[in-house]
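Asker: I would like to see how this sequence folds:
(2 chains)
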2 protein chains.
Amino acid sequence: MNRKEFRDLASPAEAREAIDSLSLEGGIERVPLTDARGRTLVARLDAELDVPGFDRASLDGYALTARDTFGADEADPAELEVVGSVHAGEEPAVELEAGQAVEISTGAVMPDGADAMVPVERTDTVDTDSDGDNTTVLVRTAVAPGDNVMFAGADVAAGERALGPGTQITPRDIGLLSALGIDEVPVRSKPRVGIVSTGDELVRPGDELDSDRGEIYDVNSYTIAAGVEDAGGEAVLYPHAGDEQDEMERVLRDAAAECDLVLSSGSTSASAVDVIYRVIEEQGELLLHGVSVKPGKPMLVGRLADSAYVGLPGYPVSAMMVFRTFVAPAIREAAGVPEPESATVTGRMGREERYGEGRLRLMPVGLVQRGPDAEDDRDAAPRVDDSDNAPLVYPVDKGSGATTSLAQADGVVEVGPETDYLEAGESVRVRLFSPDVRPPTLLGVGEDDPTLNRLLDRLENPRYLPVGSRPGLRRLRDGVPDVAVIAGPIERDTDATELGGWIREWGLVVRPGNPDEIEGLSDLVDRDLRFVNRTSDSGLRVSLERALAELADDRGAGQHELADSISGYDIGLRAHESPARTVVAGEADAALGLRETADHLSLEFVPLGEQSVRVFANPDRTAKASVRELETALAENSNEGT
Amino acid sequence: MNRKEFRDLASPAEAREAIDSLSLEGGIERVPLTDARGRTLVARLDAELDVPGFDRASLDGYALTARDTFGADEADPAELEVVGSVHAGEEPAVELEAGQAVEISTGAVMPDGADAMVPVERTDTVDTDSDGDNTTVLVRTAVAPGDNVMFAGADVAAGERALGPGTQITPRDIGLLSALGIDEVPVRSKPRVGIVSTGDELVRPGDELDSDRGEIYDVNSYTIAAGVEDAGGEAVLYPHAGDEQDEMERVLRDAAAECDLVLSSGSTSASAVDVIYRVIEEQGELLLHGVSVKPGKPMLVGRLADSAYVGLPGYPVSAMMVFRTFVAPAIREAAGVPEPESATVTGRMGREERYGEGRLRLMPVGLVQRGPDAEDDRDAAPRVDDSDNAPLVYPVDKGSGATTSLAQADGVVEVGPETDYLEAGESVRVRLFSPDVRPPTLLGVGEDDPTLNRLLDRLENPRYLPVGSRPGLRRLRDGVPDVAVIAGPIERDTDATELGGWIREWGLVVRPGNPDEIEGLSDLVDRDLRFVNRTSDSGLRVSLERALAELADDRGAGQHELADSISGYDIGLRAHESPARTVVAGEADAALGLRETADHLSLEFVPLGEQSVRVFANPDRTAKASVRELETALAENSNEGT
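Answerer: As a prediction, the model looks like this:
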């Protein structure tokens, strides 16, 4: 096979051009009015009738000849003979002559001979006949011809241009179409976008995962599908193609036959690329392989049979960034759904950021509002230029493989290939993921804790990054987060403001019923038990180390010596539940953890001590509403506990 | 019946309180991940597993012990024995010892004994065995423990707070949920909102309309339904309730039993109110009748059985304004769909606006951008303060009964009850109907014309108000629109810039085959024929008057005398097609119109003359992109015609 080589990466502009050169449009369909909201009209719709279709009374009152009221006022009303009545939805049975009036309801047809109407509030009735109907009305105001009448065609007149091609139909347009009696409209079909995820390691959410075999849940299929729908396309999920080439080839061909655009992800690995190349070579054309953008370099653009094709990288962040930057605009264009304009925010970098790979960088970022007392509190040396009230912008980069790089971000800063340094305080433009993104009200960092998880539920839209106690304190000092949550002893002084806290019980989480009869740290040191520890970022680990130091003192031994004698002491897991779950899985006999975790997972708990968890606020943010709310929640929690 | 009286109108704040006191919430349901986009989570979701679930290679290359590479560089590579390979989705079959490496794919499980990996680009292979597998690798760089490895839980760790209650689920959140293997989420049920339109005159779009009986198409049902869906509710359309009380009562009871909220429209008329009062009295509670807001005064708020109830006014604009202002926020709240923040624009009033009824006014407005040469062209006396580039704001008010009052508007200005005068140039805040509203690129006014309708199709998102030639010219002079389209002779000079134009043939539109053998104006004057005219705003009417004056001159008669002898001369219709459609309907023998209209409706045409249609630009806007585009379209149209 004569594989094409793309030694040089294409520029982002070339990638856009390549995608624009593909046709994604899905044709035209007619949809009922009830399904028309948000769809895009393909043809101009001119009015084919007048709205209203008749001269219509605007109020309840009397239809009459304006001339009969000239000169009338409160003191000297015009007296008219009432010769009948017309209600909405009725054809008038009478024709007016001079000196006559007809009782008329809002929306009813003006009878022949009437050229104006007067509202009932400006009239009095005088006589009633034996049926109780009014026979004479006193009109206490003068009206001009046309007063209180909506003439035929006054809203829309036949022949008028009602809606133009390309209109994205709003509820208001549906009102106009309803008024014209139109119950079906020609709209652009949604582009059908087939999604093919490849990789033997992928498992659909809801199915069982085998981590030992390196299986992971398929993130891209559902995420990209939601992105396709956001952009106005129709997503079609194809069954997983493993790395088996025949199967992948068959899935790709099916998708190409059924869709306007095929997106594959993970298809940039060597074996997948071979299949793509083969199918493209037989039935299509490869336009581009590799783009100078980070993340997202290994992108493919081409044609598969009659369908457009884009190969997205396998890593979720890369896939989503390439999708948003290059593919979503093309789907929007084909669907006729314009990009919302109002989704850009200007912020200031919360810290410096270096980068120098000479590629366009799509940097996911979070936003944090500094709140009211950035200005009130002039004593605090501002860490960034806070002369305006722009939000702080911080990069969220846990790597292209991390889904949280996107879920914990609010938007993207595009950093040009020529820029390799962004200063702290520098102004940057953040493209929000969508116009309805609401940046979090509170940004917290620090220790992972189940009590904290519950406390945060009392706030609206908080964001918490469980980076651990030590890194949390460091980040708070650097000035970006609002609060940091610190567990266990703190080594250094902090100028942060303590908002409150709670006590948690820590110890060893062991199997239900404690079959190994573990009573404390000594058992781990002296017996052949498998232990699972936390990483050194965790406040729990710090407390464990102190306890081990005490035990070493008691025994006159070295702390390292004792640690070395605990099997698994060096294996630190990141999360507060992970060690305990290792016990559940039968892969460990004891884990460092909390009583609450043991209870939650129905395990047994061997207490080793208590530690305080304290919440510290950035001194510049103590007046921020969400910080005060958290303070209140902490106080309430303390009271509930007592 | 002891009907409650509400003599004083409630304030808008009281109306909001009354609606807030009703419970619209629809409960909780579980939806699959594929349907979760945009829905609102009701509970916190904590991670129940680590993502990734294993230590994972971030690149293609070799897993090894970092210690073995210490000191290695290009010149002095480390040489390691290759003892196997691991691909993504495989369980490693080997355990590493010192001096060994394992070939590893991106995403594969790090084998036991390995604590780092080196990418393939920094290695060379030396020997291969008889199977073609590498047996020795040269590592040309030193790596530290953890390099190029994503540790278990590095993305999300078990026990972490993944998504909080109240999260409106984005594609990025779907990514996070997928990664956690969650395929179903608990979300707020969409509030079910029943819509009941009342009125004997209403006909569903698509059905036949009888204008003589005063029938109109039901606008509110579909419009409010679309608004309900926009706000995150589920709309249920109930069959039309006529004004027949038993039927209306039955429909209301059904809706109350099946929905969280019942909206009726048109239910504020006297007979409908009686039914509502009766149902409410038997099974509910009336909280409020009448709000101090315009439009929208006759609003009802109460409870119908277990359902909340709001009675909307019947007029489409009133109904939609009340819905948007009072009801949509409550539906959003119940659905957990927050109001988008970014939908407010500051503009300047394009003309003064007086109003003094002492009620909160919800004023639908359009926006027009003044474009680049508001600043370039300092000679033109600015009609409003254009020191900034804020868009001009103009009220769109064709009455509460007109659907175009909303379809031709971009948003709403709230004018407080204490304000009864807005100056031209005054700064106002416009709440856009939604954040994705794009104000039109071009605002045109003037004559209605089929050639124009087609020309506008070449522009993106233009808005055209067919107010007629004379009012169009007047509005252009007042400075709000970009262009005016004028047909026929112009009486006065204008300082506007002519962009181009075309010629149209006008005359009498008569029945197919011209059975009355109408040859010209004389036939209308001398014979007993039914004629339909246009209003005096129309350029066609001006040309007709001139022709009639010439005929009068020829005959030595008075023009009025001739006009009086034409049956229907005084009946002027607004739209260029309406008179001809009267001929189609058999209600007239001849109509003032265009050859193009006759052709379009398969009628016969009796030419009376030609008239020019000219497009004039606001002199301040000639450099605006859309004005230039229209100029180009006019030039192309002229060339196509020759």
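Asker: tell me the contacts of the spatially most central residue of chain A?
Answerer: Nearest residue to the geometric centre of chain A (CA atoms, centre = their mean): residue A:437, 5.7 Å. Each residue near residue A:437 by CB atoms under 8 Å, 6 or more residues apart in numbering or on different chains is listed here: A:343, A:410-411, B:170. For the C-beta atoms, the positions are set from N, CA and C on the backbone; glycine is no exception.
Asker: Over to residue A:548?
Answerer: A:521, A:559, A:562-563.
Asker: beta partners of residue A:485?
Answerer: Counting by DSSP bridges, residue A:485 is bridged to residue A:446, residue A:615.
Asker: and residue A:224, what element?
Answerer: helix A:220-230 (DSSP states H and E).
Asker: Not counting its own residues, what contacts that helix?
Answerer: By CB under 8 Å, 6+ apart, helix A:220-230 touches A:193, A:195, A:197, A:204-205, A:234-235, A:237, A:263, A:265-266, A:312, A:314, A:316, A:319-320, A:323-324, A:328, A:331, A:434, B:33-34, B:36-37, B:170-172, B:174-175, B:177-178.
Asker: which among those end up buried?
Answerer: A:193, A:195, A:197, A:204-205, A:234-235, A:237, A:263, A:265-266, A:312, A:314, A:316, A:319-320, A:323-324, A:328, A:331, A:434, B:33-34, B:36-37, B:170-172, B:174-175, B:177-178 (16 or more other CB atoms under 10 Å in any protein chain shown).
Asker: Which ones among those residues map onto helices?
Answerer: A:316, A:319-320, A:328, A:331, B:171-172, B:174-175, B:177-178 (DSSP state H).
Asker: So residue A:426 versus residue A:350, what's the distance?
Answerer: 10 Å (CB to CB, to the nearest Å).
Asker: now swap in residue A:176 and tell me
Answerer: 47 Å.
Asker: Same check on residue A:422?
Answerer: Taken as CB to CB, the span from residue A:422 to residue A:350 is 10 Å.
Asker: okay, those two: which has more neighbours?
Answerer: When neighbours are counted by other CB atoms under 10 Å in any protein chain shown, residue A:422 and residue A:350 differ, and residue A:350 comes out ahead with 26 against 20.
Asker: Could you list the domains of chain A?
Answerer: A:12-25+A:191-335, A:28-51+A:155-188, A:56-150, A:344-439, A:441-641 (the TED database).
Asker: Show me where the stretch 301-450 of chain A has its strands.
Answerer: A:307-312, A:344-349, A:353-354, A:360-368, A:392-395, A:411-415, A:421-422, A:427-432, A:442-446 (DSSP state E, counting those that start in this stretch).
Asker: same question, the stretch 1-150 of chain A
Answerer: Per DSSP E, counting those that start in this stretch, the stretch 1-150 of chain A carries strands over the ranges A:28-32, A:45-46, A:56-57, A:61-64, A:78-86, A:100-104, A:116-119, A:123-125, A:136-139, A:149-150.
Asker: re earlier: tell me, which of the strands of the stretch 301-450 of chain A is the model least confident about?
Answerer: Per-stretch mean pLDDT for the strands of the stretch 301-450 of chain A is lowest at strand A:353-354 (a mean of 86).
Asker: for it, packing partners?
Answerer: If you count contacts as 3 or more CB pairs under 8 Å, 6 or more residues apart in numbering or on different chains; DSSP states H and E, strand A:353-354 packs onto strand A:421-422.
Asker: residue ranges with poor pLDDT in chain A?
Answerer: Under the criterion pLDDT under 70, the flagged ranges of chain A are A:1-7, A:130, A:132-134, A:242-243, A:267-272, A:340-342, A:372-388, A:491-493, A:641-642.
Asker: Distance of the closest residue to residue A:360 other than its chain neighbours relative to chain B?
Answerer: The shortest distance from residue A:360 to any non-neighbouring residue, by CB to CB, 6 or more residues apart in numbering or on different chains, is to residue A:293 (4.6 Å). Distance of residue A:293 to chain B, computed by CB to the nearest CB, to the nearest Å: 18 Å.
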